[in-house]
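A.B. asks: Mind looking at a prediction? Sequence and model below.
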Amino acid sequence: MPSVKLNEPGCSFVNVRKLNAARYLHGTSTIAAIPDELLSVIFHVATHDFHDCYNAIFHATTISHVCQRWRNVSLSTSSLWTVIVLTFPTHRTQISRTIDWLARSRSRPLHLYMDFRDPSWNWDEVSHCFGWKNMENIMRLVLPYAHRWQKVELLTDTWAPIFTFLSYTSRIKSAPMLQDVLLSRCNAFFAAKGELFRPSTMRHPVSWFGGGSAFHSLRRVSLAGVHVNWTNSGLSGLMELEFKYHASEVMPTLHEFCDIISSCPELERLSILGWGPQIDVNVAPMQRTLYLPHLRDFVFGFIDIDYAIDILSLFYFPALERLSLEDISSSLDPSHPCDSSRLLEYLTAAHHGSCTISSHLFPCATCSPYPLSLISSLEVHGLTSCGASLHCFLQETVTLDHLVLSGLDKTNLQAIVPDLIAAALCPSLLNLKFDDVDPTIATLLDSLPVGIVRNPNSPSMRVVVVADSNDTMHDLAHVLRATGVDVIILGNTTSN
C-alpha cells in the first residue's frame, strides 16, 4: 500500500503521519487481526504491570486515545480503570476523572491511592491547605464504593484528614474485598521520646470500619502515626502488620497489643518502628510470650533501649529469616543516639536460649526466640554501640547471605568490616551493601587494613556502595577490589 507523500496538496506532516499509521494498523499490521478479547487482556497486563499508581493512570489513558478501536476495547475492559488516584491539590479534573473511572470499573475491586501531602507545607497543623472539609468531599465521593475497595492508601501531613477518613469509615458495615489498608500521617517526630499526640482535642480513638466488623478479607495493615480504637480494631488474621512513628500515648495497652498479635497466628511480617504497646511499670508484669511460628520478616526500630528489650522479650519467632534493626532516635535527635550494646547483647544471649539482662520487665522465651543462625538477610541502620557487641552478634549469623549497613559509627565499622571482607564474620555472605556512606567514606576506607583479602574458600561476595562519586569514593572502590570482592558503586539518587 503506497504511503501519502508530503508534497501532495493539502497535506501537513502531522496529518501524513496519522494517515499512514491508520493505513498500517488496518491494512498490514498484525495487531489489527488480534481479537478484541485478546487485545483486552494485553491492555490489562500493560496497565497493571507497574508498582507506581501514576503509571497505571498514564498507561490506561494513553491506550484509550490511540485509535477508535482501542478506545472501544479499553472502555469495555473494566480492569483498566480500577486504580483511583487522588492527590493534592484536588483539581476538578481529578474529581471528574475519578467519577468516570469508578463507572468504567463496574464491579471490579478498587485500589484507592490518596496522597494529600503538600511539599510546601510549613509544619503548622492549622494552616495546611488540605483539611477535614476537603477530605469530607473525597469521602463522599468514594464511600459508596466501599464494598469494592481492595486496597486503600492514604498519606497526609496532618491529622484532620485522617480523622475524617476514620470517622466516615466507622459507618461502613461491610468491606468484603478489602485486603490492604495503609494509612500514614507523615510526621516521624511524634515518635520522639516524651512527645505527645497533637492536636490533643482529636486524640480520642475512632472505631474504624464498623468497629472492625466490616473486615472479611483483611491481610495487610500499615499504620504510620495513625491510631484507632484498639479494642475494636478488627486486626485479626493478618499476614503483615506495621506500626510506626506513633506518639507513645496513643498506642495500645499491652493487653490490647497481645490480643491483636494473638489474633494473627499466620503473621509473616511484623514491623514496629518507634513505640509498641504501652507498658505500665507499676503493674505486675504479664508472664506471656507471643509465639508467631510463621513470621519470616521482623523490622524493629527503637527509641529507648530498656523499652526495646522489654518489647523484644515478648516475642518468639522460630522461623525468622529477615531482620532489620534501626536506631530511630539517631534520626530524631542526632545529638543523643542510643547505645545499642545491651540490645545486641540481649539478642545474642536470647539466641542461645538464655538472657543475661535482669532489668527488663518480662521473662524471655526459654528456647532461642530469635534464631540468628537461621537468618538469611539482615539490615542494621544507625546503631551506636561498642564494637564487640555488634561483632559478637554477627558471629551468630552464620547463614547470612545479605547484609545492609548504614549510619554506623566509626567504632562499629572498624570492628566488623575487615572480618566481613575476609569472611571471618558471616562466612556465607554473598551481598554486602553500604547504604548512604558519604559521611563515613573516610572511616570505611581506614577500616580496611593493607593486605586484607577474602578467604578463597568462602563464596564470592559482591559489595554495593551507595554514595556520591568523588575521589575518596574511587579510592574506596580500588581498595575493596584489591581484597578480591566485586564492587558496585551506586549514586544516592539511584540506590532505590
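C.D. replies: Looks like it came in fine. Numbering: from 1, shown residues only.
A.B. asks: Show me where the stretch 251-400 of the chain dips below the pLDDT cut-off.
C.D. replies: Along the stretch 251-400 of the chain, segments meeting pLDDT under 70 span 281-288, 353-367.
A.B. asks: mind listing the helices for it?
C.D. replies: Remark: helices assigned in the stretch 251-400 of the chain by DSSP state H, counting those that start in this stretch are 254-262, 305-312, 329-332, 341-351, 387-395.
A.B. asks: which strand in the protein runs the most residues?
C.D. replies: Counting residues, the longest strand found in the chain (DSSP state E) is strand 149-156.
A.B. asks: Residues in contact with that strand: which ones?
C.D. replies: With contact meaning C-beta atoms under 8 Å, 6 or more residues apart in numbering, strand 149-156 is reached by 109-117, 130, 142, 161-162, 165, 175, 177-186. (Glycine included, C-beta is placed from N, CA and C.)
A.B. asks: Just those residues: which are in strands?
C.D. replies: Leu110, His111, Leu112, Tyr113, Met114, Asp115, Asp180, Val181, Leu182, Leu183, Ser184, Arg185.
A.B. asks: Using CSV, please lay out the residues you listed together with pLDDT and distance to Glu195.
C.D. replies: Output for these, formatted as CSV (pLDDT from 0 to 100; distance: C-beta to C-beta, whole Å):
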residue, pLDDT, distance to Glu195
Leu110, 96, 35
His111, 95, 33
Leu112, 97, 30
Tyr113, 96, 29
Met114, 97, 26
Asp115, 97, 25
Asp180, 98, 28
Val181, 98, 25
Leu182, 98, 23
Leu183, 98, 19
Ser184, 97, 17
Arg185, 96, 13
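A.B. asks: okay, those in JSON lines with distance to Cys67 and neighbour count next?
C.D. replies: Output for the ones in strands among the contacts of strand 149-156, formatted as JSON lines (distance: C-beta to C-beta, whole Å; neighbours: other C-beta atoms under 10 Å):
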{"residue": "Leu110", "distance to Cys67": "28", "neighbour count": "22"}
{"residue": "His111", "distance to Cys67": "27", "neighbour count": "19"}
{"residue": "Leu112", "distance to Cys67": "30", "neighbour count": "23"}
{"residue": "Tyr113", "distance to Cys67": "29", "neighbour count": "20"}
{"residue": "Met114", "distance to Cys67": "33", "neighbour count": "23"}
{"residue": "Asp115", "distance to Cys67": "32", "neighbour count": "16"}
{"residue": "Asp180", "distance to Cys67": "35", "neighbour count": "18"}
{"residue": "Val181", "distance to Cys67": "39", "neighbour count": "25"}
{"residue": "Leu182", "distance to Cys67": "37", "neighbour count": "17"}
{"residue": "Leu183", "distance to Cys67": "41", "neighbour count": "22"}
{"residue": "Ser184", "distance to Cys67": "40", "neighbour count": "20"}
{"residue": "Arg185", "distance to Cys67": "45", "neighbour count": "24"}
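A.B. asks: Distance to His255 added to these, as a markdown table?
C.D. replies: What follows is the ones in strands among the contacts of strand 149-156, written out as a markdown table (distance: C-beta to C-beta, whole Å):
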| residue | distance to His255 |
| --- | --- |
| Leu110 | 35 |
| His111 | 35 |
| Leu112 | 33 |
| Tyr113 | 35 |
| Met114 | 33 |
| Asp115 | 35 |
| Asp180 | 27 |
| Val181 | 23 |
| Leu182 | 26 |
| Leu183 | 23 |
| Ser184 | 26 |
| Arg185 | 25 |
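A.B. asks: Distance from the longest strand of the chain to the middle of the chain?
C.D. replies: The chain centroid and the centroid of strand 149-156 are separated by 14 Å under C-alpha atoms, centre = their mean, to the nearest Å.
A.B. asks: repeat for stretch 304-323
C.D. replies: In this view, stretch 304-323 has its centroid 19 Å away from the chain centroid, taken as C-alpha atoms, centre = their mean.
A.B. asks: Next, the buried residues of it.
C.D. replies: Within stretch 304-323, the residues that qualify as buried are 304-318, 320-323, counting by 16 or more other C-beta atoms under 10 Å.
A.B. asks: Over to stretch 145-155?
C.D. replies: Across stretch 145-155, burial judged by 16+ other C-beta under 10 Å covers Ala146, His147, Arg148, Trp149, Gln150, Lys151, Val152, Glu153, Leu154, Leu155.
A.B. asks: Counting neighbours, what do you get for the spatially closest residue to the fourth one that is not a sequence neighbour?
C.D. replies: The shortest distance from Trp149 to any residue other than its chain neighbours is 5.0 Å, reached at Leu178 (C-beta to C-beta, 6 or more residues apart in numbering). Leu178 is surrounded by 25 other residues when neighbours are defined as other C-beta atoms under 10 Å.
A.B. asks: and Cys258, how far is that from Leu166?
C.D. replies: From Cys258 across to Leu166, the span is 23 Å (C-beta to C-beta, to the nearest Å).
A.B. asks: Neighbour count for these two, which is higher?
C.D. replies: Just comparing Cys258 and Leu166: by other C-beta under 10 Å the higher neighbour count belongs to Leu166, 21 against 17.
A.B. asks: Please tell me how far that one sits from Ser207.
C.D. replies: Distance from Leu166 to Ser207, counting by C-beta to C-beta: 8 Å.
A.B. asks: Quick check: neighbours shared by these two?
C.D. replies: By C-beta under 8 Å, 6+ apart, the residues touching both Leu166 and Ser207 are Val228.
A.B. asks: follow-up on the earlier one: and the residue nearest to Trp149, what does it touch?
C.D. replies: Ala146, Trp149, Gln150, Lys151, Val152, Phe209, Ala214, Phe215, His216, Ser217, Leu218.
A.B. asks: In TSV: those, plus distance to Cys426 and pLDDT.
C.D. replies: Below are the contacts of Leu178 laid out as TSV (distance: C-beta to C-beta, whole Å; pLDDT from 0 to 100):
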residue	distance to Cys426	pLDDT
Ala146	48	97
Trp149	44	98
Gln150	40	97
Lys151	37	97
Val152	40	98
Phe209	44	97
Ala214	46	97
Phe215	41	97
His216	44	96
Ser217	40	97
Leu218	37	98
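A.B. asks: What is the nearest of these to Thr399?
C.D. replies: Using C-beta to C-beta, Leu218 is the member of the contacts of Leu178 that lies nearest Thr399, at 33.4 Å.
A.B. asks: which SS class is Trp70?
C.D. replies: Here Trp70 is recorded as helix under DSSP: H, G, I helix; E, B strand; the rest coil.
A.B. asks: Surely it and Ala60 touch.
C.D. replies: No: the pair Trp70 / Ala60 is not scored as a contact, 11.3 Å apart, by C-beta atoms under 8 Å.
A.B. asks: So Glu125 sits against Phe163, correct?
C.D. replies: No: between Glu125 and Phe163 there is no contact under C-beta under 8 Å: 11.6 Å.
A.B. asks: more crowded one of the two?
C.D. replies: More crowded of Glu125 and Phe163, by other C-beta under 10 Å: Phe163, with 20 against 15.
A.B. asks: Distance check, His44 against Val152.
C.D. replies: His44 sits 22 Å away from Val152, going by C-beta to C-beta.
A.B. asks: re the thing from before, partners of the longest strand of the chain, with directions?
C.D. replies: strand 110-115 (parallel), strand 180-185 (parallel) (DSSP bridges).
A.B. asks: what distance separates the last one from the centre of its chain?
C.D. replies: Distance of strand 180-185 from its chain centroid, counting by C-alpha atoms, centre = their mean, is 11 Å.
A.B. asks: Quick one: list the elements packing against whatever helix or strand comes next after that strand.
C.D. replies: Once the chain leaves strand 180-185, the next helix or strand it forms, by DSSP states H and E, is helix 208-211. Helices and strands touching helix 208-211, by 3 or more C-beta pairs under 8 Å, 6 or more residues apart in numbering; DSSP states H and E, are helix 159-169.
A.B. asks: Thank you kindly, that will do.
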